[in-house]
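1. Any chance you can model this:
(2 chains)
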Amino acid sequence: MIDPYLESILIFSGINIILALSLYLPISAGLLSLGHGGFMAIGAYMSAACTALYGLPFLPSLVLGAVMAGLVGAIVGFPALRIKGVYLIILTMGFGEITRVFFLNFEPTGAASGLGGIPPDTTLALVWFIVAILLFGFFQLRRSRLGRVMTAIRDDELAAEVIGINLARIKVAVFAAGAALGGLGGGLYAHYALFIDPAQFGFHRSAEIFIMVLLGGMGNYLGATLGAIVFTVLPEVLRGLQDWRMTLFGSLLVILMIVRPWGLIGARR
Amino acid sequence: MLLKLDKITKTFSGYSALTDVSLEVKQGEVHAVIGPNGAGKTTLFNLISGVLAPTAGTIRLSGVDVTGKRPDHVTRMGLARTFQGVRLFQSMTALENVQTGQFIRDKNRLLSTFTSLPGKTGKAERASRDAAMELLTLVGLDKHHKLIAGDLALADQRRLEIARALATKPRLLLLDEPVAGMNPTEVNDAARLIKQLCERGITVLLTEHHMSLVMEISDTITVLNYGKKIAEGDPASIRNNPLVLEAYLGSDVAAHSAHQAAAAPGEQARSELIAQEDR
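-> Modelled structure (predicted):
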């Protein structure tokens, strides 16, 4: 049997990889979001409500959570079409905060006291099976027709539009797909943590997901993957430092951004 | 008529960039729009390509009203353009830039993207790569296909932008100052390329400050000044049009030139006009 401590690190690494990739997807089309904790919350609450409150099987619940997050992502994605850069970041931050406050007041899922009694259905094998599928998908996407179009939109929106690309359609689709993956990560998280409350999905969570992608490198899906692993494992490695570990972790981030602003992996441009 | 502009007006918060400009571009011709800086040439291109919507007037492409349509819609109708300031996908290779240009003419293969074997190049992808290489060969960039677009020399970037525009399979190609910043050899190459496009049945509408190029390759020239059309015709008639000379050189010089032109039929004015614009 695998050591439970090691297993928990591996599961959290896998969930964080899914979350980091879910944010990398819109970023690769130039859509920066700092509200991904909100999509994670929707996936977590939706799937946990299905299993814990309505007794639905785990996998359909997980899918429902992802679909719900994707739908909300599409709705949030529409205003995002007209907004760029810093303004989009603020819009998504606002969305994340609205979502948190919604669940804080939503009685059916426990409001501020949270939702417990979630069945422990998330397994190591399932998490890494999903990670493997996602990595394969991103690998295939990179050199594909759709992958090129996403890079084109990130590089130069106007140029992309004048070669005939329907910006609205691609942007909404990509944003919604990223949101759905975030919801999937949230569902897996809920069924491993077994108890969720709105505070777990606040701005700090959105920022964490963003840091994972930034840490690994925004130009490459492998960057997001590595970033998520480092983000999960490094604090554990530094555990011996006790109270100082997050200070050192923060310092390492600052140093990294100075010496390798493009992240651990990824081209300089 | 491939392109027909009817009384196009564009105002920017009270300032009139274009006033009642009508223009017709015939199938198969090279049509140049010239005029001093600020005459409204780039605004005109932005209106035709859908980047901006006109305040008044209509734009018809092959008889279909495209006034105020989005750029991607207009491109699907068979119009492609380049930008004065070259807008490539900087992080992609030259080949990928052209392949991206084929997006709307390619088959949708989203499903096969995720079901095909990793590392295997599908039939559709291979076809897209071959077609893109063909266009790169046409503009003379086939040897540089693996280079990152942002690393290419300016003249090559302009050529790549033309190749990317051609990848959308346009009937009408808009070139916004295609030879700006090029040396004489590169200008000659560009002139040859534009003529080749014409032979392929692509109609070209361009703006340019390089007068000898305009005079050499254009079938029709339209002259704008302060957002109004002041003259239109073949190169010979534009060269000797006193209104055009005045717009470019100012009224005193134009009068002087016209005087000299009377003495030495047009030659002096012509060389002055060319000298002014080649600078």
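2. Residue numbers of the stretch 151-279 of chain B in contact with chain A?
-> Applying Cβ under 8 Å from any Cβ of the partner chain, one finds that the stretch 151-279 of chain B approaches chain A through B:164-165, B:167-168. Backbone N, C-alpha and C define where each C-beta goes, glycine included.
3. Just give me the closest of those residues to chain A.
-> residue B:168 (5.5 Å; Cβ to the nearest Cβ).
4. Surely the closest one touches residue B:99?
-> No - using Cβ atoms under 8 Å, residue B:168 makes no contact with residue B:99, being 11.7 Å away.
5. which residues of the chain fall in helices?
-> Reading this off chain A. When assigned using DSSP state H, the helices of chain A occupy the ranges A:4-27, A:36-48, A:58-80, A:85-105, A:124-142, A:145-155, A:157-162, A:167-193, A:203-216, A:221-237, A:245-259.
6. Can you look at chain B instead?
-> So, for chain B - with DSSP H - the helices run B:41-48, B:71-76, B:94-101, B:110-115, B:123-138, B:154-166, B:184-199, B:211-217, B:235-239, B:242-249, B:251-263, B:267-278.
7. ok, the residue nearest to residue A:192 when sequence neighbours are not counted - contacts?
-> Of all residues beyond its chain neighbours, the one nearest residue A:192 is residue A:122 (4.0 Å), with distances taken as Cβ to Cβ, 6 or more residues apart in numbering or on different chains. Residue A:122 sits next to A:11, A:15, A:188-189, A:191-192 when contact means Cβ atoms under 8 Å, 6 or more residues apart in numbering or on different chains.
8. Mind checking which of those residues are buried?
-> Applying a neighbour-count criterion of 16 or more other Cβ atoms under 10 Å in any protein chain shown, the buried members of the contacts of residue A:122 are A:11, A:15, A:188-189, A:191-192.
9. Most neighbours of all the residues of the stretch 151-279 of chain B next to chain A, which one?
-> residue B:164 (31 neighbours; other Cβ atoms under 10 Å in any protein chain shown).
10. Is that one in contact with residue B:97, as I believe?
-> Yes - with contacts defined as Cβ under 8 Å, residue B:164 counts as touching residue B:97 at a distance of 5.1 Å.
11. before we move on, back to that, could I get the residues of the stretch 151-279 of chain B next to chain A in JSON lines, plus columns for distance to residue B:197 and pLDDT?
-> Compiled in JSON lines, these are given as follows (distance: Cβ to Cβ, whole Å; pLDDT from 0 to 100):
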{"residue": "B:164", "distance to residue B:197": "14", "pLDDT": "96"}
{"residue": "B:165", "distance to residue B:197": "10", "pLDDT": "96"}
{"residue": "B:167", "distance to residue B:197": "13", "pLDDT": "95"}
{"residue": "B:168", "distance to residue B:197": "13", "pLDDT": "94"}
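12. Can you tell me which residue sits nearest the middle of chain B?
-> Taking Cα atoms, centre = their mean as the criterion, residue B:175 is the residue nearest the geometric centre of chain B, at 1.2 Å.
13. Now that residue: closest residue in space, sequence neighbours ignored.
-> residue B:206 (4.0 Å).
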